[in-house]
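In: could you look at this predicted model? Sequence included:
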Amino acid sequence: MNQLIEFSPLIVFFIVFKLAGIYWATGALMVVCTAVMLLHRFRAGSFKPMHVITVAILLVLGSATIFLHDKRFIQMKPTVLLALTAVVFLGSTVIGRQPLARRMLEGVFDEPLEVAPRAWRVINFLWVGWFALLAAANLYVARNFDDDVWVKFKVFGISAALVVFMIPQVLWLNSKLRPVESETAPP
C-alpha cells in the first residue's frame, strides 16, 4: 500500500497528461504530491525530508509552468531533484560517518554485510554519477523530443533506470552477507 501511495503522483501525472495535457497534469501532480506528503505526516507523525523537498521544488516549478504557460519549468523538476540527489550522495562522502549509499542499502538486508569501506565509497560515487547522468538525460529528452516521449521517460524511464541500476548492486551485496551466528550452543 505504501508503494502505491509513493507512486501515485507519477500515475496521476501520466493519466491526467494523457487525458488533459501537460498543464492539467502539472496541477494534478502538485495536488497529489502535497497530499502524499501530508498523508505521511498524518500516518507517521513527521514529514519525510524528500517529500518536503520535492513538494517545495514542485510548487515553485509547477506554479511557474501554469502561470507562465511554459512547460519547460515542470520539465526541469526531475533534473533539479536528480542533480540535488547527486549532490547529497556526493556530500555524504565527507559529511557523516558513512556514505549515503551504505546507509540506504544496508537497511535492505536483515543480516550484516562484509563490504570494505572503500567498496562503499565506490558504490556511493556510482550513485552520484548515475543521478547526474539521469539529470542530464532528462534535459536531453525534454529538449529534443515531444511532450509524450518526455512524460513516458519521466514516469517510466527514470524509474526503470533506477531499478536496473540497483539490481546488480543488490545481487552483489547479497553475496556479501555474513550469517549471524546463533547464540545457543549446539547440543
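Out: Great, that's in hand.
In: from here on, just use CA atoms for contacts and neighbour counts.
Out: Will do.
In: mind checking pLDDT for Leu59?
Out: At Leu59, the model reports a pLDDT of 96.
In: same check on Leu10?
Out: Confidence score, pLDDT, at Leu10: 93.
In: following the one helix or strand in the chain whose mean pLDDT sits lowest, which helix or strand comes up?
Out: Within the chain, no helix or strand scores below helix 100-106, which has a mean of 86 by mean pLDDT, DSSP states H and E. Downstream of helix 100-106, the first helix or strand assigned by DSSP states H and E is helix 117-144.
In: can I get whichever helix or strand comes after that following helix as PDB, trimmed to CA atoms?
Out: Proceeding N to C from helix 117-144, the next assigned helix or strand is helix 147-152, under DSSP H and E. The C-alpha coordinates for helix 147-152 follow below in PDB (Å, rounded to 0.1, in the frame of the first residue of the first chain):
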ATOM      1  CA  ASP A 147       5.900  16.000 -24.600                       C
ATOM      2  CA  ASP A 148       4.500  12.500 -24.900                       C
ATOM      3  CA  VAL A 149       8.100  11.000 -25.100                       C
ATOM      4  CA  TRP A 150       9.300  13.200 -22.200                       C
ATOM      5  CA  VAL A 151       6.300  12.200 -20.000                       C
ATOM      6  CA  LYS A 152       7.000   8.500 -20.700                       C
END
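In: contacts for helix 147-152?
Out: For helix 147-152, contacts defined as Cα atoms under 8 Å, 6 or more residues apart in numbering pick out Phe14, Ile22, Asn138, Val141, Ala142.
In: buried ones in it?
Out: Asp147, Trp150, Val151 (16 or more other Cα atoms under 10 Å).
In: and the chain, what are its domain boundaries?
Out: Annotated domains of the chain cover 1-70, 75-178 [automatic domain parsing].
In: helices of the chain, start to end?
Out: 2-20, 22-44, 49-68, 72-91, 100-106, 117-144, 147-152, 158-174 (DSSP state H).
In: may I have the fifth one exported as CSV, CA atoms only?
Out: To tie it back to what came earlier, the one meant is helix 100-106. Below are the C-alpha coordinates for helix 100-106, written out as CSV (Å, rounded to 0.1, in the frame of the first residue of the first chain):
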residue,chain,number,x,y,z
LEU,A,100,24.5,7.6,1.9
ALA,A,101,24.6,4.5,-0.4
ARG,A,102,25.8,2.4,2.5
ARG,A,103,23.1,3.8,4.9
MET,A,104,20.4,3.2,2.2
LEU,A,105,21.5,-0.2,1.0
GLU,A,106,22.5,-1.8,4.3
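In: give me the buried stretch members for that helix, please.
Out: Of all the residues in helix 100-106, those buried under the rule 16+ other Cα under 10 Å are Leu100, Ala101, Arg102.
In: can you name every helix or strand that it contacts?
Out: Counting contacts by 3 or more Cα pairs under 8 Å, 6 or more residues apart in numbering; DSSP states H and E, helix 100-106 packs against helix 117-144.
In: sounds good, over and out.
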